[in-house]
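Engineer: coords below, sequence missing:
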């Protein structure tokens, strides 16, 4: 029996990527857990903000949407979308954005719009929301995904949010002055991007996960030569997650 | 002995041009007197706002600058410049802007920047402030001027604020979708602009002012064939001006 | 009448009748589960408005209801979802899948900038958001509707920044000026001034960009209250056409400092939205057969309203069962 | 440290030393007679900063003092005046007339849009304001400085609106991103959050556009006070580099809800500014020979401060003799 669930592993893995003083553009899922754990352990000065305009709310209760009134309480500021996205792209700020998607390709480009033809979709998803903006403007992006072949695809059905585009220098050439995905955190492990080619590679697998499991769950060829085993969540991380951050397991879901 | 001063005549003349429901972009001089008299007599629903962002303040005391704290008290909203200029140009609003200037030409273009060469001026004035914006974006503009030949000129030293530009259809061709000067109110009379040529003509002279006095005080040729005598301030207008609006005569100056 | 609300205070029925027409371009205020102008959405459905052209950023409940009731033909949107209750709005998803509505996708910042441009009277705004994405490359609307009615002549366009080198490209987004904006606020003063509490999302930009504005509100407050701190006010009266007093008018979405979202109702909605027959029954039961908002709130019931009532010191209902 | 002001709280002397250098591009907060960051301006003069590149919209007292003291080389401005006290700022007028400073004129909306563009990370903004005027046609800076340092490669440029017909022209204004913004606010929380009361002018856009921000304030208030109503706050702590407690720090300009402008001092200034010898004496007496703001306020005197103290219920000093 595992002592922690994949979601707990994902939340703590991502949490460790947040630096002290980072300004974190969070969604309402695992990213908020990651940010909160980080703040309580190694990044007390990290600030969480939401695309709706809520800046550094007290988060006494977990919001279930970025427009939840729980992001408006005890905050440093209640603003609006214009201010939030201005901060997201602010050149002075080390902004880290957490995103999810329906599909990802080898360069970390994301689709959260449709499966199939855009005008005649097989499945319609909610759409960009602020994802395209975050992927365009943030200092860096961390992506959460369920790891499976239909999601890690050779070619996106629709490119909603720009990653490293076609790799190499293409992101800069497109006109972006910063940003790009830093890591992809899945239920199996952590992927990062090569400094030169910008192609995704397997960086870490979770304890008990075989590299081959990642390979077969990925719909494109991926370098696995640099892989190492990820550190499991610490006692402290798990205690904070379970007792302080999400005691009702609203986001954590069922325990391991 | 006159029963009223030129400033009192100017304030009441301009006040009559304000319609009920107009949204008035005011400065701190005679325009505020004009707007206040209008509100208290025939335009109770006119709203005064300032380029600094003060919308419909109570104006218990006369402000001496558009950034005076007196424009922040009892207002409908305290905003900022961006909001104020957005309102000024708002296509839904019948905005009337009051402007002054150092020079005006026959098409109502204004100079409030320099006399002489721009880079080597003989006299430097404060500059556009919001004047160019008001002249560009407001539904209509009313100009206050001292009537003299050095101010009513054939050619401006610097075109700060667009009037009817070179007349006829030139304002629309320049890219402006509305606006243009409605009237020029001076210490001698009221000038308006021909509907077709957009050239300035003498519309009214104040009681006791000779047309010839206007002609010699104007540095360009002006049609005077349509002139009539202006109605003097009423008892009611004078009472409100003197007793309610500016009892200290901060703006009205010395009595007649 | 800028100094008196009297000429503007009206019922939701009158406001919708006067300012929303078949084919109107409508901006929806609020965001996913918060401050949707639900009372107006329900009234629009009752009045069977058709072919609406909705423009919004991230929208949830009122959008989904309007789409499900067949009121919407065309949609410019960044996100259709209702938080954890419906990560993708269900009737929205179905309608797009069935080709029943025409959709054009933008991002949240892009849509917000378009409203801001409209609010400021600027023809367009430039951003780097979306370069090389399908948001920029793929149009949703058919070529033949381009430039007709309120459909912009181009979805957007990419240009070089004239103040910088060749590589500095930007996306130009056309301004939005919808026919009408539907906004739910906490307070309107007796002088018509609007005060919104909590996050404003892009509501103020939407209202300022629109030709007409309908504001529903929780409370009408004295002029003295609203004028005592002008810093806190959100919209001047002269930009508002209709004020509708509608307590709990955002239900089942939240209204910060007044009430939380209603998890029970949103879960009910999620279940019925998945099936056409159940959804049709839902519309009958919760919209068509309730003549007005008073009747709607009676149906929701006092016990439920008390459950979601916000603790005013913190703005939401602490400990609410949100599963 | 976003959650604690400790690392940022410093004296005006330290703040100016750390964040203002010779040649810095400096945005001045406030407007003509209100909320000028005078404590910082006086300190900049004491530290003999030179060749400053000032960017502002309508500015009065702090601008004129900095120009008069020889700190300014270059200026982008819409308006230089101090209300009725100096319809054109006197030292500004003299310096321009004598060719001592390089000036480029914009309008208030243009400058505000340039700060807003910088604040939002947009490369430029489009407006119709200024078409066919000399603001658009005439450049103030010499061609050889174009594109050097913070001088934009073009003052502005006119283009056709790509979403509309041939006649629809617009002015594109380059974004501003000054090195430092000088802002005076009423409150800063112990968590570093800034709350400004009354009109904000373009201060928030200026602060958000700048690389560094110095905020002087009337009061440092508890975290609980500032966090109790996040709707009223103006800037998050992570955009502020230095917080300086400076009661009456805007004197002789006004600070809404704390004090009025000081008509007696502004009249004195008007008289001395007109003559070089008197102005030099003024600088000696009111700036160079007062080591800090405490000493400055002692010089102003309690009686004068009491005269201009605002009635907090209305925000200014009613009945103040303003002749």
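Structural biologist: Here it is on my side, so go on. Not measured: the values here are computed from a predicted model. Numbers count the residues shown, from 1 in each chain, chains lettered A, B, ... in the order given.
Engineer: which pLDDT value goes with the closest residue to residue C:77 other than its chain neighbours?
Structural biologist: Distance criterion Cβ to Cβ, 6 or more residues apart in numbering or on different chains; nearest residue to residue C:77, sequence neighbours excluded, is residue C:56 at 5.6 Å. C-beta: built from backbone N, CA, C; applies to glycine. On pLDDT, residue C:56 comes in at 98.
Engineer: equivalent analysis for residue C:2, please.
Structural biologist: So residue C:2 comes in at 45 (pLDDT).
Engineer: with residue A:253 instead?
Structural biologist: Predicted confidence (pLDDT) for residue A:253: 86.
Engineer: what about it, which helix or strand?
Structural biologist: According to DSSP states H and E, residue A:253 maps onto no helix or strand at all.
Engineer: contact partners for the residue nearest to it when sequence neighbours are not counted?
Structural biologist: Leaving aside its sequence neighbours, residue A:253 sits nearest to residue A:7 (Cβ to Cβ, 6+ apart; 5.8 Å). By Cβ atoms under 8 Å, 6 or more residues apart in numbering or on different chains, the contact set of residue A:7 is A:30, A:33, A:187, A:251-253.
Engineer: emit the PyMOL select command for whichever of those residues are buried.
Structural biologist: The buried residues among the contacts of residue A:7 can be selected in PyMOL (16 or more other Cβ atoms under 10 Å in any protein chain shown) with this line:
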select buried, chain A and resi 30+33+187+251+252
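Engineer: could you look up the SS state of the residue of chain A found nearest chain B?
Structural biologist: Nearest residue of chain A to chain B: residue A:82, at 10.8 Å (Cβ to the nearest Cβ). The assignment at residue A:82 comes out as helix when based on DSSP: H, G, I helix; E, B strand; the rest coil.
Engineer: pLDDT wise, what is the nearest residue to it once chain neighbours are set aside at?
Structural biologist: Leaving aside its chain neighbours, residue A:82 sits nearest to residue C:112 (5.3 Å; criterion: Cβ to Cβ, 6+ apart). Residue C:112 is assigned a pLDDT of 98 by the prediction.
Engineer: residue A:39 now?
Structural biologist: pLDDT, read off for residue A:39, is 89.
Engineer: now it: which helix or strand?
Structural biologist: Counting by DSSP H and E, residue A:39 is part of helix A:30-41.
Engineer: what residues does that helix touch?
Structural biologist: If you take Cβ under 8 Å, 6+ apart as the criterion, helix A:30-41 is touched by A:7, A:10-18, A:24, A:26, A:46, A:48, A:59, A:62-63, A:98, A:142, A:144, A:236-237, A:240-241, A:244-246, A:251-252.
Engineer: likewise stretch A:142-154?
Structural biologist: Against stretch A:142-154 from outside (Cβ under 8 Å, 6+ apart): A:10, A:14, A:17, A:29-31, A:96-106, A:108, A:110, A:181-189, A:214, A:216-220.
Engineer: quick one: mean pLDDT for it?
Structural biologist: Per-residue scores along stretch A:142-154 average to 97.
Engineer: residues contacting residue C:80?
Structural biologist: A:126-127, C:58-60, C:63-64, C:88-89, C:92-93.
Engineer: among the residues you listed, which are located in helices?
Structural biologist: C:63-64, C:92-93 (DSSP state H).
Engineer: turn the residues you listed into TSV, including distance to residue C:146, neighbour count and pLDDT.
Structural biologist: Formatted as TSV, these follow (distance: Cβ to Cβ, whole Å; neighbours: other Cβ atoms under 10 Å in any protein chain shown; pLDDT from 0 to 100):
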residue	distance to residue C:146	neighbour count	pLDDT
C:63	23	27	98
C:64	27	29	98
C:92	23	30	97
C:93	26	23	97
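Engineer: can you list these in CSV and add distance to residue A:210?
Structural biologist: What follows is the ones in helices among the contacts of residue C:80, written out as CSV (distance: Cβ to Cβ, whole Å):
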residue, distance to residue A:210
C:63, 44
C:64, 42
C:92, 40
C:93, 36
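Engineer: surely residue A:99 is in a strand?
Structural biologist: Yes: counting by three-state DSSP, residue A:99 is part of a strand.
Engineer: quick check: it touching residue A:141?
Structural biologist: Yes: between residue A:99 and residue A:141 a contact is recorded at 5.8 Å, counting by Cβ atoms under 8 Å.
Engineer: those residues of chain C touching chain D, which are they?
Structural biologist: Residues of chain C found near chain D, taking Cβ under 8 Å from any Cβ of the partner chain as the criterion, are C:121-128, C:152-154, C:157, C:159, C:161-164, C:168, C:170, C:172, C:174, C:197-198, C:231-232.
Engineer: quick one: the strands in chain C, in order.
Structural biologist: Along chain C, the segments classed as strands by DSSP state E run C:25-28, C:52-55, C:58-59, C:72-77, C:79-80, C:102-105, C:124-127, C:157-160, C:169-174, C:180-189, C:194-195, C:212-221, C:242-245.
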